[in-house]
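Engineer: need a structure here:
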Amino acid sequence: MGDSVANSTVELDVSGMICPLPVLRARKALAALGPGEMLRVLCTDPAAATDFPAYCEAAGHTLLETNCRELPQGPELTFLIRRGG
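Structural biologist: The predicted structure is shown next:
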């Protein structure tokens with residue numbers, strides 16, 4: 001199962017962008033996907049930790065995973081989103 005998720009997941013790197021750009025770029029990327037397809041977003045904006053859950057709930061997408069690593073240059077967040085129907 002892990003391979004099928006990895007193979008069907010689109011990656012979006014919005015590192016260095018600040019609110020609202022990460023969510024806007026993710027919205028555009030999700031619009032290009034079919035229902036049930038996955039998007040993994042890599043982000044460095046700390047505000048994204050609250051922005052992405054709120055966006056996914058409002059837009060009908062499922063936020064499957066959120067990870068945060070503290071690096072010397074600041075946080076690195078990743079979000080795994082399944083596009084809604």
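
Engineer: and the host helix or strand of E11, how far out from the chain's middle?
Structural biologist: Assigned by DSSP states H and E, E11 belongs to strand 9-13. Relative to its chain's centre, strand 9-13 lies at 8 Å (C-alpha atoms, centre = their mean, to the nearest Å).

Engineer: After that strand, heading C-terminal, what element do we hit next?
Structural biologist: Next in line after strand 9-13, if elements are assigned by DSSP H and E, sits helix 21-31.

Engineer: what's that next one packed up against?
Structural biologist: Helix 21-31 is packed against strand 9-13, strand 38-43, helix 48-59, strand 74-82, with contacts defined by 3 or more C-beta pairs under 8 Å, 6 or more residues apart in numbering; DSSP states H and E. In short, each C-beta sits where N, CA and C put it, glycine included.

Engineer: Determine the set of other helices and strands touching the shortest one.
Structural biologist: Identification of packing neighbours for strand 9-13 by 3+ C-beta pairs under 8 Å, 6+ apart yields helix 21-31, strand 38-43.
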